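Chemist: Generate coordinates for the sequence data below:
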Amino acid sequence: MKYKDAAKKLLEEFKGSSYIYGRDVLDTVGKTAAEAGSKACIVTSTFPGSEGYLKIITDSLASSGVELAGTVHGPGPNVPLEELRRITEALKSSEADVIISFGGGSTIDALKAAEVLRTLGGDIEDYFGVGNVTKAVEERNVTLTPHIAVQTVASSGAHLTKYSNITNVETGQKKLIVDEAIVPSNPVFDFSVTYAAPKNLTMDGALDGIAHCLEVLYGSVRAPNYQYISDVAKTGISLVVENLETVIKDPENKDARDALCLATDIGAYAIMLGGTNGGHLTSFSLVDILSHGRACAMMNPYYTVFFAPAVEDALRMVGNIYKQAGFTEADLDALSGRELGVAVAEAMLAMSRKIEFPVTLSEVEGFTQGHIDRALAAAKNPQLKMKLQNMPVPLDADLIDEYMAPILIAARDGDLSLIKNL
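Modeler: The predicted structure follows:
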C-alpha cells in the first residue's frame, strides 16, 4: 500500500487535477471534451471489449453536446509511417477542434504525430529529435488542438509524455519526436480497461515501466534532482517487482492490476524528469521482432553491467528492491563497480525467468546479426544522439563499435562477461 500511496502523491505533483485516472472513469471524457471544443475526432485501437468501452466514450460525448466528427482506426504496433499518413488525412477531413485517442502507446503516439502534421504540415522527418515541434509552433504562431489521450494499457505512459515513436517499416528503424508541445492536454486512464489484458501484454507493459524508471535513474546520477528521481524510480520499480508475478499467477487480481497501472504512470513521470538511454536506443532497432517494452526489458540487464561503475548508489537501491522480492541473495553492500552491476543484472534476469520472460536475443524468433548491425548504425545517427548522451557512461559515435557491440552480443548470448566497461 505504501508504494501505491506514494505513486498517487507523485502523480498529483506531476499532473495536478488535469489527470483523471482510476476505475470506471471513461464516462468523464465527454465533459472534458466539451470544455475543450465542440467537434471531436476519435482515433481508436481495437481489442477484446473495446467496442463497449468506445460506446461509453461516444455516449458521454453525445450527452455533453459534443459532435462526433469521425472515428478512425488506430495504427499497428509502433506506428508505421504509412498508417501515420492515413490517420493524418482522416484527421484533416474531420475538421475536429478536439481530438481523442483511445488505445495504447502506438495509438496515442500516432495522434500526437498526426496532429503535428495536420497543423504544421511538412514531413514527419522535420520533427524528429528534440524541440522541433515547439520551434515550428512558435515560428508560425499556431497552437495544436486539445488532445484527450485515453490510455488502455499499463505500459508506455504515452498519455502523460512528450514522446511520439514512429517507424519506417522499410528500414525497420524507429525514430522519436521529443517535445513538450505534444504532451496531451487531458490524459485519462481507466484502470478497469486493463483488467483483461493478456499475459504477454501485461508483462511487456509492466517491464516497460521498469525500463523508464531504471534508465532515467541511471542517467540522472549526477543531476541536482537525483534524490527526487531516485524516489520516483524506487516507487515505480517496487510496484512492478511486488505485483507483476501476482498478476501473472492471478490475472483477475484487480488491486495488483491497479498497482501496475500506477507503476507505469510513474514510469511516464520519470521520463518527463529525465531521459532514457541504452535500452530504449537499442529497442528502436528491434522493432520488427519485439514489442517496445519487451525489447527495453531484455536489454536493460546488460546495459546495467556496462553502466555499473558510474551508478553504484542507484544499483544498491534497485538491487535491494529485487532482493526483498527474493530474486537475489547477494550482499549488495559488499559489492562495488562491475561486480555490483552483475549482481543486480542477475537479479533482474532471475525475475524475468520466474515469469517466463525471454532473457536473450537469441530466444527471439527472427533475430539475426542484422539486428545488431542495425542497432550499431542507429546509435551513430545524430537524431538519436540524445540517448547516447543520456547514458551515465556517455558514448560518442566513434566508441559505439568498441563498447556497444559487446553489450548487444552479450544480450544475444546471455553472457554478462562479454561486456566491456569504459
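
Chemist: State the number of residues packed around His212.
Modeler: 33 (other Cβ atoms under 10 Å). In this view, the C-beta of every residue, glycine as well, is placed from N, C-alpha and C.

Chemist: Quickly note the distance from it to Glu115.
Modeler: 23 Å (Cβ to Cβ, to the nearest Å).

Chemist: Same check on Ser45?
Modeler: 17 Å.

Chemist: which of these two has more neighbours?
Modeler: A direct count of neighbours by other Cβ under 10 Å for Ser45 and Glu115 places Glu115 higher, at 27 against 21.

Chemist: Quick one: residues contacting the more buried one.
Modeler: When contacts are counted by Cβ atoms under 8 Å, 6 or more residues apart in numbering, Glu115 is found next to Leu91, Ile99, Leu144, Thr145, His147, Ile182.

Chemist: okay, among those, which ones form the most distant pair?
Modeler: Leu91 and Ile182 (13.9 Å; Cβ to Cβ).

Chemist: Contacts made by the one helix or strand in the chain whose mean pLDDT sits lowest with the rest, please.
Modeler: One helix or strand of the chain scores below all others by mean pLDDT, DSSP states H and E: helix 385-389, with a mean of 79. By Cβ under 8 Å, 6+ apart, the surrounding residues in contact with helix 385-389 are 129-130, 178, 275-278, 280-281, 379, 394-397.

Chemist: nearest spatial neighbour of the spatially most central residue of the chain, skipping sequence neighbours?
Modeler: Central residue of the chain (Cα atoms, centre = their mean): Ser156, 3.0 Å from the mean position. Counting by Cβ to Cβ, 6 or more residues apart in numbering, Gly105 is the residue found nearest to Ser156 once chain neighbours are left out, at 3.3 Å.

Chemist: Against Lys9, how distant is the one you found?
Modeler: For Gly105, the distance to Lys9 - Cβ to Cβ - is 25 Å.

Chemist: Specify which residue of the two has the higher count of neighbours.
Modeler: Neighbour totals were compared for Gly105 and Lys9, and Gly105 leads with 31 against 11 (other Cβ under 10 Å).

Chemist: Which residues are in contact with that one?
Modeler: Val153, Ser155, Ser156, Gly157, Ala158, Asn165, His292.

Chemist: Looking at those, which is nearest Gln369?
Modeler: Checking the contacts of Gly105 against Gln369 with Cβ to Cβ, the nearest one is His292 at 21.7 Å.

Chemist: Tell me which residues touch that closest one, please.
Modeler: Contacts of His292 (Cβ under 8 Å, 6+ apart): Pro77, Asn78, Gly105, Ser156, Asn165, Lys174, Asp204, Asp208, Ser283.

Chemist: Repeat that for Val193.
Modeler: Leu26, Gly49, Tyr53, Thr152.

Chemist: which of the residues you listed are buried?
Modeler: The neighbour count (16 or more other Cβ atoms under 10 Å) marks Leu26, Tyr53, Thr152 as buried among the contacts of Val193.

Chemist: Now the phi/psi pair for the first one, please.
Modeler: Dihedral angles of Leu26 (phi, psi; degrees, to the nearest 10) stand at phi -60, psi -30.

Chemist: Next, the contact list for it, please.
Modeler: Counted by Cβ under 8 Å, 6+ apart, Leu26 has contacts Tyr53, Ile56, Ile57, Ser60, Val150, Val188, Asp190, Val193.

Chemist: Might you list the low-confidence residue ranges for this protein?
Modeler: For the chain, applying pLDDT under 70 flags the ranges 1.

Chemist: so where do the strands sit in it?
Modeler: For the chain, applying DSSP state E gives strands covering 20-22, 39-44, 67-73, 98-103, 129-130, 147-151, 163-168, 173-178, 186-190.

Chemist: These: which one's closest to Val216?
Modeler: strand 163-168 (12.5 Å).

Chemist: Counting neighbours, which bits of stretch 9-26 end up buried?
Modeler: Of all the residues in stretch 9-26, those buried under the rule 16+ other Cβ under 10 Å are Leu10, Leu11, Phe14, Lys15, Tyr19, Ile20, Tyr21, Val25, Leu26.

Chemist: Nothing else from me, thank you.
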